[in-house]
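Colleague: Give me a model of this one.
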Amino acid sequence: MESDTLAARLGEVYSELPPGERAIARVILDDYPFAALGSLRSLAERAGVSPPTASRLVGRLGFAGFAEFQAAVRSGAREADRSRLREFVTRPPDPARAADELRAGLEGALTAVTGPLLDAVATRLAGAGGVWALGGPLSELAADYLVRQLAGLRPGARRVPETPPGRARALLDLGPSDVVVAYDFRRYSPDTARFVRAARGRGARLILVTDAWESPLADEAEVLVRLPRETAGPIAPLTHEIAVTELILVATATRLDASSRLADLDTLTRELSAEAP
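Modeller: You can find the predicted model right below:
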């Protein structure tokens, strides 16, 4: 059953559903497909019903279990992405439409990062012994931006090195007081996964920023920041990741007294930039 067919089917049976299952369907349809891509428990909590109620709706739709239901949602969402890309390739580019899509996608990304979620991320970044950040192709730019800004607010903020020997040396210094921030979006990076799992093996905690389809590292994360990934044609929306990183940095700054450190940074920058006498 393809994703668009699934959404249509939910709409068709909605009026016939018992109240609890209707609440689940309403949550799914109001935030489709993203509401269907978390855990069964989180979906039930959003609807204010029990997990067995959500399971009954999944069975009513013809699926053997929640995993099969989610696989259908993901499959249909990917096909929808491919259809949008084909449409972009076969029609003349429309910058005005792309701008509208970018605005809508940015609003969706910022809305996904709720106050409690920001609190959870900022508390860990402010209190960590050290912070290490990494990303995959393109998303590594968001990781670099996080570290550049965070290093002005607190000590011990570092980019994960790119080479295996450099990453091995970084792992030597990682421990339970440290936090790894990983940006991991489709197509998910096996290099990121290897480093994160090695860091988790040494006790480091993970903050994961990923898309609605979720990185394979989602189960490893202490805090999961899941963003919608609307695109303007074939362009990956790095703007979303940077904007969310800005929110994280602002929230973290409120938990740190960084005024003296920032003043020292300004002084040192001026001294090092001055021409030699």
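Colleague: Poorly predicted segments of the chain, please.
Modeller: 1-4, 77-94, 213-214, 229-236, 275-277 (pLDDT under 70).
Colleague: one more time with 80
Modeller: Along the chain, the parts satisfying pLDDT under 80 run over 1-9, 11-12, 15, 29-32, 75-98, 101-102, 186-187, 212-214, 229-237, 274-277.
Colleague: Where do the domain boundaries of it fall?
Modeller: Per automatic domain parsing, the structural domains of the chain span 3-85, 108-265.
Colleague: and the ones you listed as JSON lines, adding mean neighbour count and distance to residue 274?
Modeller: Bear in mind the C-beta positions are built from the backbone N, C-alpha and C, glycine included. Supplementary listing: these in JSON lines, determined by neighbours: other Cβ atoms under 10 Å; distance: least, Cβ to Cβ, whole Å:
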{"stretch": "domain 3-85", "mean neighbour count": "16", "distance to residue 274": "51"}
{"stretch": "domain 108-265", "mean neighbour count": "18", "distance to residue 274": "15"}
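Colleague: who wins for proximity to residue 101 among those domains?
Modeller: For the domains of the chain, the distance to residue 101 is smallest for domain 108-265, at 4.8 Å, taking Cβ to Cβ.
Colleague: Report the distance from that closest one to the chain centre.
Modeller: Domain 108-265 has its C-alpha centroid displaced from the chain centroid by 10 Å (Cα atoms, centre = their mean, to the nearest Å).
Colleague: Now do the end-to-end distance for it.
Modeller: Start-to-end span of domain 108-265 (Cα to Cα, to the nearest Å) is 35 Å.
Colleague: Can you mark which positions in whichever helix or strand residue 111 is part of are buried?
Modeller: Counting by DSSP states H and E, the element that carries residue 111 is helix 95-112. Going by neighbour count (16 or more other Cβ atoms under 10 Å), the buried part of helix 95-112 is 101-102, 105-106, 108-109, 112.
Colleague: Toward the C-terminus, what is the element adjacent to it?
Modeller: Later in the chain than helix 95-112, the nearest helix or strand by DSSP H and E is helix 115-127.
Colleague: would you list every one of the strands in the stretch 101-250 of the chain?
Modeller: Using DSSP state E, counting those that start in this stretch, the strands found in the stretch 101-250 of the chain span residues 131-135, 157-159, 179-184, 205-211, 223-227.
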